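>>> take a look and give me a structure for this.
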Amino acid sequence: MSDEQKPQPAKIFTYANLEFDRPLETSSPGTAPPRELVEQAKKVGARRKKIVKGEAGFFMNRSQLPAGYRVPPHHHNHGEMLIVLDGGCTFDDDFGSAGANDTVVIPALNRYGFTCGPNGMEFLTIRLGDATTEL
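Residues are numbered from 1 along each chain as shown. As a prediction, the model looks like this:
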């Protein structure tokens, strides 16, 4: 078996050992979110941890957003799966609402925005690429 065919070792990411993201400092070139989104998030205490950063082709973030937090309409260059762990949100354009234990799949380039409910929202974002964000 060549080196390219050897399986990569499994890896455990211990959430408690990971720091919250500083996206303008730690994002891969071209993938930092727009500065205005980062500034808004800082002001209200929204935060995320980038957990998986390309291992086995996966990218995963865990985000915590406060009650009433508004994510403006935007799109990404990779599809994504959002898994709501706690709280919930209402999407724009009559797309619907998602609550705890719901999963939302958003194909690449689909524009969407949402507003968090009264309990805020904690969720996982899973992608198969390090995505860009465009307003």
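>>> what stretches of the chain score poorly on pLDDT?
Scanning the chain with the threshold set as pLDDT under 70 gives 1-3.
>>> where along it do the strands fall?
Using DSSP state E, the strands found in the chain span residues 47-53, 59-65, 70-76, 80-91, 96-99, 103-106, 112-127, 133-134.
>>> TSV please, covering those and showing mean neighbour count and distance to Val38.
Glycine gets a C-beta too; all of them are placed from N, C-alpha and C. Converted to TSV, the strands of the chain look like this (neighbours: other Cβ atoms under 10 Å; distance: least, Cβ to Cβ, whole Å):
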stretch	mean neighbour count	distance to Val38
strand 47-53	17	11
strand 59-65	20	13
strand 70-76	16	12
strand 80-91	18	18
strand 96-99	15	23
strand 103-106	15	21
strand 112-127	19	16
strand 133-134	14	10
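>>> now the ones you listed in JSON lines, with distance to Glu19?
Listed next are these as JSON lines, based on distance: least, Cβ to Cβ, whole Å:
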{"stretch": "strand 47-53", "distance to Glu19": "7"}
{"stretch": "strand 59-65", "distance to Glu19": "12"}
{"stretch": "strand 70-76", "distance to Glu19": "22"}
{"stretch": "strand 80-91", "distance to Glu19": "19"}
{"stretch": "strand 96-99", "distance to Glu19": "27"}
{"stretch": "strand 103-106", "distance to Glu19": "26"}
{"stretch": "strand 112-127", "distance to Glu19": "17"}
{"stretch": "strand 133-134", "distance to Glu19": "20"}
